[in-house]
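Enquirer: coordinates only, sequence not included:
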C-alpha cells in the first residue's frame with residue numbers, strides 16, 4: 001500500500017463491553033494525534049480497525065462477519081483486528097484473507113505505529129499521546145474512562161483474565177486529570193469502566209473505588225459520572241452514600257449470572273443469591289429511583305432444571321430494569337471448558353427465551369413506572385424514530401427516550417417530562 005497525499009482516514013468499529021469502547025476512544029485519539037482523520041465506522045476509510053470481543057462463540061462469529069464486510073466495503077483498505085479475540089486466538093484471525101494485521105490487547109499501544117509502517121505513512125507523525133481531539137468522536141456525549149484492567153477472580157466460564165491479564169489500576173491522579181480534559185473537549189458524561197471496578201486501587205497505596213469517586217466529584221465539574229459495573233459484595237453503605245451527589249447517575253449494573261447457589265459455586269462466583277438480594281434491597285433503599293440491570297448466563301454445564309428454576313424465580317423477584325441474557329458458550333482456556341454434563345442446545349434455547357420474556361416484561365414495567373416523572377436527560381443526536389426525526393437521549397437512570405423539539409439539544413442536559421412508553425422506549429418533552 002502506498003502513502004496517500006491527503007491525511008489518511010481511519011474507521012474504528014467496537015464490539016463488546018464498555019472497556020472496549022474506552023480502548024477504542026483512546027485509539028481514536030492516538031490516530032488523530034498521528035495525523036489521521038477519524039471517521040465513523042460505517043464510512044469508507046483507508047484503515048479499518050475492528051476492536052473485537054470474545055466473550056462467547058457468537059462474539060467471535062460476529063467479529064469474523066464484520067471483518068469480511070469491511071473488506072467488501074473497503075477493498076483497498078488496511079484491515080486491522082485487535083481486542084480480545086485477537087488476544088485469545090490471533091492465528092484464527094490471521095488465517096482470514098480479509099485481514100492484514102492482527103494485534104491483541106497487549107500490543108494495542110503499538111497499533112498506530114504498525115499501521116503507519118504498513119501503509120508507509122512515513123511523513124505522518126506517530127505520536128501516541130491523547131492530546132489531539134479525534135474528529136470521529138468529538139461529537140459524542142459520553143466518554144469511556146478506563147480506571148482499571150484485568151481480573152484476578154478467574155470465574156470458571158470466563159475468558160477475560162486470559163485476554164485482559166491480571167488486575168491493575170490506573171493512578172487516581174491521572175484519572176481526575178483525564179476527566180477534566182474530557183470535559184474541556186465537550187463531553188458531558190464520564191463512564192468509569194474496567195473489568196473489576198470494585199477492586200480498583202488494591203495495587204495503589206491508599207486508593208479505592210470510593211476514594212476515586214470522591215476525587216472525581218471533588219476535582220472535576222463534569223455534569224455526569226456513571227459507574228459501569230459492580231459486584232454485589234463490593235457495594236456497601238460507604239460507597240452508596242456518594243450517590244447523594246446527583247452527578248452520580250443512579251444506574252447500577254450487577255452481573256448475577258445465576259440465581260442458584262450451587263451453580264454460582266461451580267462458576268466460582270464470590271457471592272450467594274442471598275447476598276445479591278440483600279444488595280438489591282440496600283441500593284433501592286439508599287438510591288431511590290435507581291435502575292438495576294444485570295447479566296444472566298444460562299446453560300452452564302450441569303445446570304439442572306431445578307437450578308434453572310431457582311434462577312428464574314430469583315429474576316422474577318428481583319425485577320431488574322433490564323437483563324442481558326446469554327447462553328453458556330465454551331471458551332477454550334477456561335476451567336468450565338473441561339466440564340461434562342453439557343446442557344443441550346434445545347434446553348438452553350428454551351431457558352433463554354423464558355428469561356428474555358421475563359426481562360422484556362420487567363423492563364416495560366420499569367419504563368411505565370417512570371411515566372409522569374421528570375428526569376435529567378443527556379441528548380445525543382437527531383435520529384429517525386417512528387417515522388420522524390427526533391432527539392434521542394438517555395435519562396440519568398439509563399433509559400432511552402425520544403422527543404420532538406426544535407431546539408439544538410445535541411450534548412445538552414435538560415430536565416425532561418416523561419410522557420409515555422412507546423415500544424421499548426419512552427417519549428419525553430424537554431422542559
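Expert: Yep, it's here. All of these numbers come straight from a predicted model, not from anything done at the bench.

Enquirer: which secondary structure elements does the longest helix seen in the chain contact?
Expert: In the chain, ranked by residue count with DSSP state H as the criterion, the top helix is helix 345-370. Contacts defined by 3 or more CB pairs under 8 Å, 6 or more residues apart in numbering; DSSP states H and E place helix 345-370 against strand 291-298, helix 305-318, strand 322-327, strand 413-422, strand 425-430. To be clear about C-beta, it is placed using only N, CA and C from the backbone, and glycine gets the same treatment.

Enquirer: Residue 120 is nearest to which of those?
Expert: Among the helices and strands packed on helix 345-370, strand 322-327 comes nearest to residue 120, with 42.6 Å by CB to CB.

Enquirer: now that closest one and helix 305-318, what's the angle there?
Expert: 170 degrees (axes from the mean of the first three to the mean of the last three CA atoms, to 10 degrees).

Enquirer: Give me the helices and strands touching strand 322-327, please.
Expert: strand 291-298, helix 345-370.

Enquirer: Of all the ones you listed, which one is nearest residue 104?
Expert: Smallest distance to residue 104 across the helices and strands packed on strand 322-327 (CB to CB): 24.1 Å, for strand 291-298.

Enquirer: Would you mind listing the outside residues contacting the closest one?
Expert: Strand 291-298 has contacts (CB atoms under 8 Å, 6 or more residues apart in numbering) with 157, 250-258, 267, 280, 283-284, 308, 311, 315, 318, 320-328, 348, 351-352, 355, 366, 397-399.

Enquirer: Select only the buried ones of the residues you listed in PyMOL?
Expert: Only the buried entries of the contacts of strand 291-298 go into this PyMOL selection, using 16 or more other CB atoms under 10 Å:
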select buried, resi 157+250+251+252+253+254+255+256+257+258+267+280+283+308+311+315+318+320+321+322+323+325+326+327+328+348+351+352+355+366+397+398+399
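
Enquirer: Mean pLDDT per element in this structure, and the minimum belongs to which helix or strand?
Expert: In the chain, the helix or strand scored least confidently by mean pLDDT, DSSP states H and E is helix 160-164, which has a mean of 88.

Enquirer: neighbouring contacts of that helix?
Expert: Under the criterion CB under 8 Å, 6+ apart, residues 19, 54-55, 84, 87-88, 104-105, 149-154, 195, 333-334 lie in contact with helix 160-164.

Enquirer: if we can go back for a sec, quick one: the longest helix of the chain to chain centroid distance?
Expert: Centroid separation for helix 345-370 versus its chain: 21 Å, with CA atoms, centre = their mean, to the nearest Å.

Enquirer: So which bits of that helix are buried?
Expert: Neighbour-count burial for helix 345-370 flags 348, 351-352, 354-355, 358-359, 362-363, 366-367, 370 (criterion: 16+ other CB under 10 Å).

Enquirer: tell me the contacts of residue 250?
Expert: Residue 250 is in contact with 243, 287, 289-291, 396-397, counting by CB under 8 Å, 6+ apart.

Enquirer: Of the residues you listed, which one scores lowest on pLDDT?
Expert: Least confident entry in these, by pLDDT: residue 289, with 92.

Enquirer: Quick check: that one touching residue 398?
Expert: No. Contact criterion CB atoms under 8 Å: residue 289 and residue 398 do not qualify, at 11.4 Å.

Enquirer: Tell me where the stretch 51-200 of the chain is predicted with low confidence.
Expert: For the stretch 51-200 of the chain, applying pLDDT under 70 flags the ranges 122-139.

Enquirer: longest single strand anywhere in the chain?
Expert: Taking DSSP state E as the criterion, the chain has its longest strand at strand 374-385.

Enquirer: got the buried residues for the next helix or strand after that strand?
Expert: Next along the chain after strand 374-385, taking DSSP states H and E as the criterion, comes strand 388-395. Within strand 388-395, the residues scored as buried using 16+ other CB under 10 Å are 390-395.

Enquirer: is it possible to export those residues to a markdown table including pLDDT and distance to residue 117?
Expert: Listed next are the buried residues of strand 388-395 as a markdown table, based on pLDDT from 0 to 100; distance: CB to CB, whole Å:
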| residue | pLDDT | distance to residue 117 |
| --- | --- | --- |
| 390 | 95 | 45 |
| 391 | 97 | 43 |
| 392 | 96 | 40 |
| 393 | 96 | 42 |
| 394 | 97 | 40 |
| 395 | 97 | 45 |
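
Enquirer: between those residues, which is closest to residue 10?
Expert: Among those, residue 392 lies closest to residue 10 (CB to CB), at 25.8 Å.

Enquirer: Appreciated, that's everything.
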